[in-house]
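Q: Got a sequence here, can you build the structure:
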Amino acid sequence: MPATVSRLFCWGLCAGSTLAAIVVLLAPSGACRARGETTASTPTPGGDVQHTMTDARTPGSYRALTPEEEAVIVGKGTERPFSGEYDRLFAAGIYTCKRCGAMLYRSQDKFPSRCGWPSFDDALPNAVKRVPDPDGVRTEIVCAHCDAHLGHVFEGEHLTAKDTRYCVNSISMLFVPEAEIKYGQAYFAGGCFWGIQYYFSQQPGVLKTTAGYMGGRTERPTYEQVCANTTGHAETVAVLYDPVRVSFETLARLFFEIHDPTQLNRQGPDVGSNYRSALFYTDEQQKQIAEKLIADLTGRGMKVVTELAPAGVFWPAEEYHQNWYANKTGAPPCHLRRKLW
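A: Below you'll find the model as predicted:
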């Protein structure tokens, strides 16, 4: 069905649970309307996570669009309500940007709003950008990676506990079933995991970070055991990421910039092998990238002592360690970023 028409009629549910006809004028700035308007995965222990991209594209490349797709994604048009293939789809998976392939929304955040377009009450971290709509009233949403037009976001409708509705054109997305999602996974150790987790959590393209332990022999270690230097584990952060939006090399460069890779078995006042600098690679490509970066730093005169080892079992740390600095102001004092590249 064509994505663009000159004038559309759709049905929306008004505040009083009665149906009212809504006239939707398709303009270059058109998208989903507010209801009643009449105007325009937690990383699991182990290193056996798939590490390829969500589709066949390489970072920075775009999919060729049909005229109908371009009218919405580039021209900021609106598809016909109730016509999109994902309006009534509630299978488990991830919704990605049709133009660049970046991950945008999770199926568990989708809900039946009955507005005629797919609706979500949350987006993946830093995946969707809000910009003022040219109409001066609404807020447009675009892919944070390629600026593809997605639709509009509305708040204050009280449809879910999060009180947010991302109203998205189906034609702007591609759905990837749960079994076919290809996440990126990386593991970094560089002193206290609170600071390491803080910086990786700020990186666009990172979907989730988990503080934990890796590199030792003790199963299900506790924080006290690791601090006693009897387990062989290092405080490690598992990074789950979207390979379309951020590369492993970008993450590895960040890693070397937020800790001192020349300090052996310590980071500042934190002393012990549990605070060692280590990068646990998941495949040969990650190993080669890490070796290249270490060679670069060594060539500049830095005596890098970072351990390179294959990823083993990752043991998540106690809950009170997770996202320690998330609700605190300022950067963590245990780690300061310095630009190296």
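Q: can you pull out the strands in the stretch 1-150 of the chain?
A: 7-13, 19-25, 93-97, 103-106, 119-120, 128-132, 139-143, 149-155 (DSSP state E, counting those that start in this stretch).
Q: all helices of this protein, in order?
A: Ranges of helices in the chain, per DSSP state H, are 67-73, 193-202, 223-227, 248-257, 284-299.
Q: List of residues touching the shortest one?
A: With contacts defined as CB atoms under 8 Å, 6 or more residues apart in numbering, helix 223-227 is touched by 213, 216, 218, 231, 233, 235, 272, 274, 317, 318, 321. (Glycine included, C-beta is placed from N, CA and C.)
Q: what ranges of the stretch 51-200 of the chain fall below the confidence cut-off?
A: For the stretch 51-200 of the chain, residues meeting the criterion pLDDT under 70 lie at 51-60.
Q: got TSV for the helices of the chain, with distance to residue 154 and mean neighbour count too?
A: TSV is the format used below for the helices of the chain (distance: least, CB to CB, whole Å; neighbours: other CB atoms under 10 Å):
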stretch	distance to residue 154	mean neighbour count
helix 67-73	18	20
helix 193-202	27	23
helix 223-227	43	16
helix 248-257	33	20
helix 284-299	41	15
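Q: Residue 194 and residue 331 touch, don't they?
A: No - if you go by CB atoms under 8 Å, residue 194 and residue 331 don't touch, sitting 11.1 Å apart.
Q: how close does the closest residue to residue 325 other than its chain neighbours get to residue 320?
A: What sits nearest to residue 325 in space, not counting adjacent residues and going by CB to CB, 6 or more residues apart in numbering, is residue 198, at 4.4 Å. Plainly put, residue 198 is 15 Å away from residue 320 if you go by CB to CB, to the nearest Å.
Q: Likewise for residue 268?
A: Distance, residue 268 to residue 320, using CB to CB: 22 Å.
Q: Export the helices of the chain as a markdown table, with columns for distance to residue 160.
A: Output for the helices of the chain, formatted as a markdown table (distance: least, CB to CB, whole Å):
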| stretch | distance to residue 160 |
| --- | --- |
| helix 67-73 | 25 |
| helix 193-202 | 24 |
| helix 223-227 | 36 |
| helix 248-257 | 32 |
| helix 284-299 | 38 |
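Q: out of the ones you listed, which comes closest to residue 168?
A: Counting by CB to CB, residue 168 lies closest to helix 67-73 out of these; the figure is 10.4 Å.
Q: Just the C-alpha atoms of that closest one, please, in PDB.
A: Provided in PDB are the C-alpha atoms of helix 67-73 (Å, rounded to 0.1, in the frame of the first residue of the first chain):
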ATOM      1  CA  PRO A  67      10.300   5.700  -3.400                       C
ATOM      2  CA  GLU A  68       7.600   4.900  -0.800                       C
ATOM      3  CA  GLU A  69      10.300   4.400   1.900                       C
ATOM      4  CA  GLU A  70      12.200   7.500   0.900                       C
ATOM      5  CA  ALA A  71       9.000   9.600   1.100                       C
ATOM      6  CA  VAL A  72       8.700   8.800   4.800                       C
ATOM      7  CA  ILE A  73      12.300   8.200   5.900                       C
END
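Q: Now do the phi/psi pair for the closest residue to residue 221 other than its chain neighbours.
A: Nearest residue to residue 221, sequence neighbours excluded (CB to CB, 6+ apart): residue 231, at 4.7 Å. When read as degrees, to the nearest 10, the backbone of residue 231 gives phi -100, psi -20.
Q: was I right about residue 231 contacting residue 219?
A: No - using CB under 8 Å, residue 231 is not in contact with residue 219, being 9.3 Å away.
Q: more crowded one of the two?
A: Taking neighbours as other CB atoms under 10 Å, residue 231 and residue 219 compare with residue 231 leading, 20 against 9.
Q: which residues touch the more buried one?
A: Going by CB under 8 Å, 6+ apart, residue 231 touches 213, 216, 217, 218, 221, 225, 274.
Q: 7 Å - rerun?
A: Neighbour list for residue 231: 216, 217, 218, 221, 225 [criterion: CB atoms under 7 Å, 6 or more residues apart in numbering].
Q: okay, among those residues, which ones form the most distant pair?
A: Maximum distance among the contacts of residue 231 (CB to CB): 11.2 Å, for 217 and 225.
Q: Distance of the most centrally placed residue in the chain relative to residue 87?
A: Central residue of the chain (CA atoms, centre = their mean): residue 207, 3.2 Å from the mean position. Plainly put, residue 207 is 25 Å away from residue 87 if you go by CB to CB.
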